[in-house]
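Asks: Here you go, sequence then predicted model.
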Protein chains: 2
Amino acid sequence: MAKRAGYHHGDLKATLVAGALELIAERGVASLSVAEVARRAHVSGGAPYRHFPSRQALLTAVATKAAHTLADRLREVSTGAGPDPVENMATVVAAYARFTAEHGAGFDLIFAVELSGRGNEELADAGRTVMDALLQAALPVTGDAKAALGLIGRTFAAAHGYATLWRSGLYINRNSTVDDVTSEAAAIARTLAGSVQTPLPRTRS
Amino acid sequence: MAKRAGYHHGDLKATLVAGALELIAERGVASLSVAEVARRAHVSGGAPYRHFPSRQALLTAVATKAAHTLADRLREVSTGAGPDPVENMATVVAAYARFTAEHGAGFDLIFAVELSGRGNEELADAGRTVMDALLQAALPVTGDAKAALGLIGRTFAAAHGYATLWRSGLYINRNSTVDDVTSEAAAIARTLAGSVQTPLPRTRS
DNA sequence: GTCTATAGAGCGATAGAC
DNA sequence: GTCTATCGCTCTATAGAC
């Protein structure tokens, strides 16, 4: 393993983004440093600045990548879940919980960076892609766009809370795994989605 | 306003803890620095180390203080809520959401620091005080300790998620306030507590 | 108990060699 | 496009004067 001498990369930019995502998964967004990402990629501390003008720019790229990955996964599980709208919603919420628990970041990374990093169209697009996937899961449950947004807010807040609290070690005594987080999130979503579906505005009978 | 010359304090220790709490409310736990806390209290950078041996120790003191404040507030709202167990639970959950949204930290600060900072009995006690308040609110709903823990996990995860997502700016477009976060958390708690109460193991009819 | 001063470390970002 | 080297900053923690 050569040490920092004449090292060559096929695609350092992508390597840096991937490495940053890993690092966030290990230590959280706040403590992510460009220097550490560079070290992980076996390049010098200055190298990343040929690809990203600032730490913020790197973070934006990471958020964009995360958004695409998340949107893909949500769409994946959504098509695979049966015809029951509530069960489908639960599956999508569970997938978000798993993603956030595994990556140590979710909506907070994807949407909050969007706010501070001004004028990045790529990230905004990626965020919209995620939002589309959410609406596609929630709309069949509520039948109404406004209600769907409310349901999304409730269920994904719960999933996010579960994932982050689990990450911060809260359930460590109960030996809970990421699978437990996922299934708990699904259970909450089932209850919340079920309770909103009860009025059933779309049934004809 | 004299600048760092012969400054005297009645109780610097308490001032530091209070200042640290404020700072966490503004910028989050991760970026809390002893240096900044000292600056806020108008003392030198070394002064805090006469009261706390390390940043970790300061953080532990802050978490302990936060736990006591939270436990007090939860007990307060709990006694004031009517006889309906579900409504009482919703009120307590809402109070937690408000606390976390306002302070930028909740269970994550109180219980996670407890894990890393080894052997601090004061913080552990404070944590137990909080947990007692939660159980006292949840037990009348479920009638069963195990089910109460489950309900606590679900409702407070949701409240925590709402508060932290709100904090990260997610609902900024909807012009939502901390009051909205509070009432949304209450609504979720009502639904979740109501759905677990349905079997009603304690009714006699 | 608070001050000044400082050691030692990590980070963001830039400059110039290759 | 990557390297080496460096500036300037902030932070944690300690030492010694008062």
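Replies: Here it is on my side, so go on.
Asks: Report whether the least confident helix or strand in chain A by mean pLDDT contacts chain B.
Replies: When each helix and strand of chain A is scored by mean pLDDT, DSSP states H and E, helix A:107-116 comes last, with a mean of 91. Yes. Contact between helix A:107-116 and chain B, assessed by CB under 8 Å from any CB of the partner chain, occurs at A:107, A:108, A:111, A:112, A:115. Where you see a C-beta, it was placed from the backbone N, CA and C, and this is true even at glycine.
Asks: ok, and the closest non-adjacent residue to the third one?
Replies: It stands for residue A:111. For residue A:111, ignoring the flanking residues on the chain, the nearest one in space by CB to CB, 6 or more residues apart in numbering or on different chains is residue B:170 at 5.2 Å.
Asks: Surely the one you found touches residue A:113?
Replies: No. Using CB atoms under 8 Å, residue B:170 makes no contact with residue A:113, being 11.4 Å away.
Asks: Point out the other helices and strands that the least confident helix or strand of chain A packs with.
Replies: Helices and strands touching helix A:107-116, as assessed by 3 or more CB pairs under 8 Å, 6 or more residues apart in numbering or on different chains; DSSP states H and E, comprise helix A:55-80, helix A:121-142, helix A:145-167, helix B:145-167.
Asks: ok, now with 10 Å
Replies: helix A:55-80, helix A:85-103, helix A:121-142, helix A:145-167, helix B:145-167 (3 or more CB pairs under 10 Å, 6 or more residues apart in numbering or on different chains; DSSP states H and E).
Asks: Tell me which of those sits nearest to residue A:25.
Replies: Taking CB to CB, helix A:85-103 is the member of those nearest to residue A:25, at 5.1 Å.
Asks: Below-threshold pLDDT in chain A: ranges please.
Replies: Within chain A, the ranges that satisfy pLDDT under 70 run A:1-8, A:117, A:197-205.
Asks: show me the contacts for residue A:36.
Replies: Neighbouring residues of residue A:36 by CB atoms under 10 Å, 6 or more residues apart in numbering or on different chains: A:19, A:20, A:23, A:26, A:27, A:45.
Asks: separation between residue A:97 and residue A:196?
Replies: Separation of residue A:97 from residue A:196 (CB to CB, to the nearest Å): 19 Å.
Asks: Who has more neighbours out of the two?
Replies: Taking neighbours as other CB atoms under 10 Å in any protein chain shown, residue A:97 and residue A:196 compare with residue A:97 leading, 32 against 23.
Asks: Nearest residue to that one in space, please, no chain neighbours.
Replies: In space, and not counting its chain neighbours, residue A:97 is closest to residue A:185: 3.5 Å by CB to CB, 6+ apart.
Asks: Surely residue A:135 and residue A:147 touch.
Replies: No. Residue A:135 is beyond contact range of residue A:147, at 11.3 Å (criterion: CB atoms under 10 Å).
Asks: which of these two has more neighbours?
Replies: Neighbours per residue, other CB under 10 Å: of residue A:135 and residue A:147, the larger number sits with residue A:147, 17 against 14.
Asks: Not counting sequence-adjacent ones, nearest residue to that one?
Replies: Nearest residue to residue A:147 in three dimensions, chain neighbours excluded: residue A:196, at 6.5 Å (CB to CB, 6+ apart).
Asks: Right, and DNA strand C sits closest to which residue of chain A?
Replies: residue A:46 (3.0 Å; CB to the nearest atom of the strand).
Asks: need the contact list for that residue.
Replies: Per CB under 10 Å, 6+ apart, neighbours of residue A:46: A:34, A:35, A:38.
Asks: what about the second one, how many neighbours?
Replies: Per other CB under 10 Å, the neighbour tally for residue A:35 reads 12.
Asks: can I see the domain layout of chain A?
Replies: Listed by automatic domain parsing, the domain ranges of chain A are A:8-52, A:59-197.
Asks: does any bit of the longest one sit next to DNA strand C?
Replies: No. Shown here: domain A:59-197 not in contact with DNA strand C (CB under 7 Å from any atom of the strand), separated by at least 9.2 Å.
Asks: hang on, isn't residue A:23 packed against residue A:32?
Replies: Yes. In this structure, residue A:23 is within contact of residue A:32 by CB under 10 Å, at 5.7 Å.
Asks: Which neighbours do the two have in common?
Replies: Jointly contacting residue A:23 and residue A:32 under the rule CB under 10 Å, 6+ apart are residue A:62.
Asks: tell me, how many neighbours does residue A:118 end up with?
Replies: With other CB under 10 Å as criterion, residue A:118 counts 7.
Asks: Now the residue most central in space within chain A: phi and psi?
Replies: With distances taken as CA atoms, centre = their mean, residue A:106 lies nearest the centre of chain A, 3.3 Å away. When quoted as degrees, to the nearest 10, the phi and psi of residue A:106 stand at phi -150, psi -120.
Asks: any idea how far it lies from residue B:14?
Replies: For residue A:106 relative to residue B:14 (CB to CB), the value is 37 Å.
Asks: for residue A:98, same thing?
Replies: Taken as CB to CB, the span from residue A:98 to residue B:14 is 43 Å.
Asks: and these two? which has more neighbours close in?
Replies: Between residue A:98 and residue B:14, residue A:98 has the larger neighbour count (other CB under 10 Å), namely 21 against 13.
Asks: wait, what's in contact with the residue nearest to the more buried one when sequence neighbours are not counted?
Replies: Excluding the flanking residues, the one nearest residue A:98 by CB to CB, 6+ apart is residue A:182, at 4.6 Å. Going by CB under 10 Å, 6+ apart, residue A:182 touches A:91, A:93-99, A:101-102, A:159, A:162-163.
Asks: Fine by me, we can end here.
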